[in-house]
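Asks: Dropping a prediction and its sequence here:
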Amino acid sequence: MEGSKINDKTITETLLLEEGYRKYSGEDLDIYYNKDICAHIGNCVRGNPDVFEVGRRPWIIADNGSVEEDIRVINSCPSGALKYIRKDGK
């Protein structure tokens, strides 16, 4: 699933927050998570436990991985509960 889009439309922070996503800020990438649509498949935790660790608060630390690695893991989320916005405009 494309982590920077919803229904083939590029996402915005306003849209994500209105849809119930919570923001986890990083230096180069913001990660958004919506617990209400998460299917708890675990691709995120298995994909990079340095970034996604359920027992930690906050459980998502975007800067613990590279932008490319974070995006790879987010795009593996089958439910769309994880989204991202790059700060470099790409």
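Replies: Happy to help now that I have it.

Asks: Please, where are all the strands along this protein?
Replies: Counting by DSSP state E, the chain has strands at residues 5-6, 9-10, 22-24, 29-33, 82-86.

Asks: show me what contacts residue 24?
Replies: Residue 24 is in contact with 30, 31, 32, 33, 58, 60, 61, 62, counting by C-beta atoms under 8 Å, 6 or more residues apart in numbering. C-beta coordinates here come from the backbone N, C-alpha and C atoms, glycine included.

Asks: repeat that for 6 Å
Replies: 31, 58, 60, 62 (C-beta atoms under 6 Å, 6 or more residues apart in numbering).

Asks: sorry, back to before: is it possible to get TSV of the strands of the chain that adds mean pLDDT and distance to residue 45?
Replies: Putting the strands of the chain into TSV (pLDDT from 0 to 100; distance: least, C-beta to C-beta, whole Å) gives the following:
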stretch	mean pLDDT	distance to residue 45
strand 5-6	82	23
strand 9-10	84	27
strand 22-24	98	14
strand 29-33	98	12
strand 82-86	96	11
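
Asks: Distance to residue 50 for the ones you listed - can I get that in CSV?
Replies: Converted to CSV, those look like this (distance: least, C-beta to C-beta, whole Å):
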stretch, distance to residue 50
strand 5-6, 25
strand 9-10, 27
strand 22-24, 13
strand 29-33, 13
strand 82-86, 15
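
Asks: Ok, which of the ones you listed comes nearest residue 76?
Replies: strand 82-86 (8.7 Å; C-beta to C-beta).
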